[in-house]
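Enquirer: whatever this is, show me its structure:
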Amino acid sequence: MTRPAATEGMAGWPPPVLDPAGPFAGPVNVLAWVLFGMGAVVLAVVAVALVIALFGPRRWKQRLGGERLI
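Expert: Residues are numbered from 1 along each chain as shown. All right, here's what the predicted structure looks like:
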């Protein structure tokens with residue numbers, strides 16, 4: 001393989017994934033928002049569990065405590 005052929009074959013490599021106007025921008029944007037949403041849901045669940053563990057009624061703590069829920 002000659003050098004010009006290799007250069008032409010590698011043109012556009014790596015694909016411009018982070019180019020905001022590139023062809024891959026749409027799927028990467030959707031993936032980023034999905035991951036952001038999932039992270040927000042996990043954060044909310046952990047925050048609610050922390051509030052219940054610290055300030056919840058004793059009955060809730062006894063019901064949710066122990067190894068049964070795990």
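
Enquirer: use CA for all of it now, contacts and neighbours both
Expert: OK.

Enquirer: from the chain's centre, how far out does the host helix or strand of Ala40 sit?
Expert: Following DSSP states H and E, one finds Ala40 within helix 25-55. The chain centre lies 8 Å from the centre of helix 25-55; the measure is CA atoms, centre = their mean, to the nearest Å.

Enquirer: residues contacting the very next helix or strand once past it, please?
Expert: The helix or strand immediately downstream of helix 25-55 is helix 58-64, counting by DSSP H and E. For helix 58-64, the external contacting residues (CA atoms under 8 Å, 6 or more residues apart in numbering) are Ile52, Ala53.

Enquirer: what is the mean pLDDT for helix 58-64?
Expert: Throughout helix 58-64, pLDDT has a mean value of 84.

Enquirer: using PDB, write out every CA atom in it.
Expert: Provided in PDB are the C-alpha atoms of helix 58-64 (Å, rounded to 0.1, in the frame of the first residue of the first chain):
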ATOM      1  CA  ARG A  58     -39.500   4.700  63.300                       C
ATOM      2  CA  ARG A  59     -42.100   2.400  61.800                       C
ATOM      3  CA  TRP A  60     -40.700   2.900  58.300                       C
ATOM      4  CA  LYS A  61     -37.200   2.300  59.500                       C
ATOM      5  CA  GLN A  62     -38.200  -1.000  61.200                       C
ATOM      6  CA  ARG A  63     -40.100  -2.100  58.100                       C
ATOM      7  CA  LEU A  64     -37.400  -1.200  55.600                       C
END
